[in-house]
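Engineer: Dropping a prediction and its sequence here:
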Amino acid sequence: MTFSAADREKSRREVLLALFSALAIGVHTLEVLLPSPLPWLRLGLANILTLCALFLFGGRAAWMVTLTRIGMGGLLLGTFFSPTFFLALAGGVIATALMTFGRTIAGKHLGPVGISLLGAAGHVLGQLLVAGWLLQHAGLWHLLPYLLLLAVATGTMNGLAADLLLERLRLRLHLE
């Protein structure tokens, strides 16, 4: 049995997306175990893999990595359908929506750092929406400027890391 070039390329894409998803789940799980300067602050390192999926394979791939990471991460960490899960889900959904929208609208004019900043801001917004709904406390929104400032730092860091990883992947795997 011989495989066409299109079949090989499709298989390669599926293997890479499975690898990105598995790595994102691992990083997400590991990040929970790392010490954090603030109890609720995470660096969002798994988003690096979502960015790579988005830039290499498009929006559907980014959604697959995000939703797989959040679902499987929730199962592995025992937070599935808990408030923590819904905070992660809301942040991930809004972040991925903004990143795919930004990539679609801006195309090649906005790189991984810019798209990552959109995602980081979206993540903060999604989490605050769910936290506000769960806690019913308007004062929560006073945290928005501080959280956005932290999102700029983490979004920039993750975008730079994704840019480096994308460069290496494209060289090694002859992508794009």
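Structural biologist: Here it is on my side, so go on. Residues are numbered from 1 along each chain as shown.

Engineer: do you know how far Leu75 is from Thr50?
Structural biologist: 18 Å (C-beta to C-beta, to the nearest Å). Every residue, glycine included, has its C-beta placed from N, CA and C.

Engineer: Among these two, which residue is more densely surrounded?
Structural biologist: Thr50 (32 against 13; other C-beta atoms under 10 Å).

Engineer: Just the buried residues of stretch 64-80, please?
Structural biologist: Applying a neighbour-count criterion of 16 or more other C-beta atoms under 10 Å, the buried positions in stretch 64-80 are 64-74, 77, 79.

Engineer: swap that for stretch 115-134, sorry
Structural biologist: Buried residues in stretch 115-134 (16+ other C-beta under 10 Å): 115-131.

Engineer: related to what we said a few turns ago, ok, so of the buried residues of stretch 64-80, who is nearest Val27?
Structural biologist: Distance to Val27 across those (C-beta to C-beta) is lowest for Arg69, with 8.3 Å.

Engineer: All the strands of the chain, in order from the start?
Structural biologist: Assigned by DSSP state E, the chain shows no strands.

Engineer: mind checking how far the worst-scoring helix or strand of it on mean pLDDT is from the chain centre?
Structural biologist: Least confident helix or strand, the chain: helix 5-33 with a mean of 93, by mean pLDDT, DSSP states H and E. From the chain centre to the centre of helix 5-33 is a distance of 13 Å (C-alpha atoms, centre = their mean, to the nearest Å).

Engineer: cool, stretch 91-102 as well?
Structural biologist: On C-alpha atoms, centre = their mean, the centre of stretch 91-102 falls 8 Å from the chain's centre.

Engineer: Show me the contact partners of it.
Structural biologist: With contact meaning C-beta atoms under 8 Å, 6 or more residues apart in numbering, stretch 91-102 is reached by 47, 50-51, 54, 59, 62-63, 66-67, 69-70, 110, 114-116, 118-127, 129-130.

Engineer: Might you report the residue contacts of Ser82?
Structural biologist: Gly74.

Engineer: State the distance from it to Arg103.
Structural biologist: Taking C-beta to C-beta, one finds Ser82 at 31 Å from Arg103.
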